[in-house]
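1. Fold the following.
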Amino acid sequence: MQESLQVYEDKMNKTLEVLESDYMTIRAGRANPHVLDKIKVDYYGTPTPLQQVGNINVPEARMIIIQPWEKSLLKAIEKAILTSELGINPTNDGNVIRLVFPELTEERRKELVKDVKKKGEAAKVAVRNIRRDANDFFKKQQKADEISEDDLAEAEDDIQKLTDKMIGKIDKAIEAKSKELLTV
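-> Numbers count the residues shown, from 1 in each chain. Below is the predicted model of the structure:
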């Protein structure tokens, strides 16, 4: 039974990891190279992650510099950034691409906090769905006489404790990212 619980715990942890990686891509007014994680560049006909076609540096708090390994990629990188949801116009000087992050307006910060909360709620729903799947699994085992009613009650109790723990972690992640976004 512990192995079965571990499977569901792993699924819940994966949900939390996905949420945290999503939060890394939300920019908070400071230059964070993780905002580029989802951007793919057309590299000889193959969509390639931006990190694999050049060096990414953060020389100042609100600037990212991308130096491609091949100058022929400058236009492709510029196009990938423009078509992304980043909302920043890159400047290309023929050698590197600069991304200057403007200060976020109060209104934009509030929009981003709403987005953070929405993603957090989606993660909570995913965790609850995993709990439901686990409970269904254990009920089927009990119906097939593979586990006793006491084992079923214990499993449901364990999965509920696990769910509560994960929801708490998600709430902390939401709170931390919201606080980061609202800090000027």
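2. Who are the contact partners of D10?
-> The neighbourhood of D10, defined by CB atoms under 8 Å, 6 or more residues apart in numbering, contains no residues. (Glycine included, C-beta is placed from N, CA and C.)
3. Just confirm it is within a strand.
-> No. According to DSSP: H, G, I helix; E, B strand; the rest coil, the state of D10 is helix, so it is not within a strand.
4. Tell me the helices and strands packed up against the helix or strand encompassing K161.
-> Taking DSSP states H and E as the definition, one finds K161 inside helix 149-182. On a contact count with 3 or more CB pairs under 8 Å, 6 or more residues apart in numbering; DSSP states H and E, helix 149-182 meets helix 2-24, helix 106-143.
5. Among these, which comes closest to L82?
-> For the helices and strands packed on helix 149-182, proximity to L82 was assessed by CB to CB; helix 106-143 is nearest, at 19.2 Å.
6. Just the buried residues of that closest one, please?
-> 109, 112-113, 116, 119-120, 123-124, 126-127, 130-131, 134-135, 137-138, 141-142 (16 or more other CB atoms under 10 Å).
7. residue with max distance from the center of the protein?
-> Centroid-distance maximum for the chain: D145 at 40.6 Å, with CA atoms, centre = their mean.
8. Dihedrals phi and psi, that residue?
-> Torsion angles at D145 (phi, psi; degrees, to the nearest 10) stand at phi 60, psi 30.
9. Over to T48?
-> phi -120, psi 140.
10. I'm done for today, thanks for sticking with me.
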